[in-house]
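K.L.:
Need coordinates for the following:
(2 chains)
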Amino acid sequence: KNQVEQSPQSLIILEGKNCTLQCNYTVSPFSNLRWYKQDTGRGPVSLTIMTFSENTKSNGRYTATLDADTKQSSLHITASQLSDSASYICVVSADSNYQLIWGAGTKLIIKP
Amino acid sequence: DAGVIQSPRHEVTEMGQEVTLRCKPISGHNSLFWYRQTMMRGLELLIYFNNNVPIDDSGMPEDRFSAKMPNASFSTLKIQPSEPRDSAVYFCASTSGGRNEQFFGPGTRLTVL
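P.N.:
Numbering: from 1, shown residues only, chains lettered A, B, ... in the order given. Prediction:
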């Protein structure tokens, strides 16, 4: 069964600290993996999209990694800011398929 | 570009009433998705349109739900009759290709009393 699992479920860190969010997936065949940021009361916004051949991609202070062999991805946030408080959702696309398999998300809270 | 536009942003209705949610995709995008998000189930795909044609409606919960896309710039999701368990945030998303990045609207928060 195609699944995407994220950890931790929630995370609280102090402003300025770094953090890493994890994503494991069992989607096959694999097409691409995306990380979305969803602020409270808003729709998800794409941060990164990685295909099978890419093992890292950055978007400002956000860096995503992908290990297609172990089917794991991580999202690293550097020098966190209060505006980083949001849910971060890992999403995997199966090959030749418009359907996205959504993780449950990690709720990140940045405290001053 | 204004992005994906959804209306209303909030809807409170009573059980049994008809509810219509509206979406205007990004101009030039040919794929449109309706999603439902709840705390318990996360984001669920309800229906996918490509070039105004429904391609996959397997996520539509039951016959009370229907969706239309009469033209490339407008889509509706209708619930008739509504039930309390339909309470959720409904998102519309569009993309320039089925597998490309999806751009989400702000969502409609529906509360059925």
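
K.L.:
just for chain A, where's the confidence low?
P.N.:
Applying pLDDT under 70 to chain A picks out residues A:95-97.

K.L.:
and if we set it to 90?
P.N.:
Within chain A, the stretches with pLDDT under 90 are A:1-2, A:27-31, A:51-53, A:93-101.

K.L.:
Chain B too?
P.N.:
For chain B, applying pLDDT under 90 flags the ranges B:1-2, B:39-42, B:58, B:61-62, B:96-101.

K.L.:
mind listing the strands for it?
P.N.:
Residue ranges of the strands in chain B, as given by DSSP state E, are B:5-7, B:10-13, B:19-24, B:31-38, B:42-50, B:53-56, B:65-71, B:74-79, B:88-95, B:103-104, B:108-112.

K.L.:
Name the stretch from those that approaches chain A most closely.
P.N.:
strand B:103-104 (3.0 Å; CB to the nearest CB). In this view, the C-beta of every residue, glycine as well, is placed from N, C-alpha and C.

K.L.:
of all of chain A, which residue lies closest to chain B?
P.N.:
Counting by CB to the nearest CB, chain A gets nearest to chain B through A:Gly43 (3.0 Å).

K.L.:
doesn't A:Ile101 make contact with B:Gly42?
P.N.:
No: using CB atoms under 8 Å, B:Gly42 is not in contact with A:Ile101; the gap is 10.6 Å.

K.L.:
of those two, who's got more company?
P.N.:
Using other CB atoms under 10 Å in any protein chain shown as the criterion, B:Gly42 and A:Ile101 rank with A:Ile101 on top: 19 against 16.

K.L.:
Doesn't A:Ala64 lie inside a helix?
P.N.:
No: according to DSSP: H, G, I helix; E, B strand; the rest coil, A:Ala64 belongs to no helix; its state is strand.

K.L.:
Go ahead and confirm it touches A:Trp35.
P.N.:
Yes: with contact defined as CB under 8 Å, A:Ala64 and A:Trp35 form a contacting pair (5.3 Å).

K.L.:
Report the set of residues contacting both of the two.
P.N.:
Residues within reach of A:Ala64 and of A:Trp35 at once, by CB atoms under 8 Å, 6 or more residues apart in numbering or on different chains, are A:Leu47, A:Thr48, A:Ser73, A:Leu75.

K.L.:
give me phi/psi at the residue of chain A closest to chain B?
P.N.:
Taking degrees, to the nearest 10, you get phi -80, psi 160 for the backbone angles of A:Gly43.

K.L.:
try B:Asn30
P.N.:
Dihedral pair for B:Asn30: phi -110, psi 0, per degrees, to the nearest 10.

K.L.:
Tell me how many other residues crowd the residue nearest to it when sequence neighbours are not counted.
P.N.:
Leaving aside its sequence neighbours, B:Asn30 sits nearest to B:Asn51 (CB to CB, 6 or more residues apart in numbering or on different chains; 5.3 Å). Counted by other CB under 10 Å, the residues lying close to B:Asn51 total 10.

K.L.:
and stretch A:39-47, which residues are buried?
P.N.:
Within stretch A:39-47, the residues that count as buried by 16 or more other CB atoms under 10 Å in any protein chain shown are A:Gly43, A:Pro44, A:Leu47.
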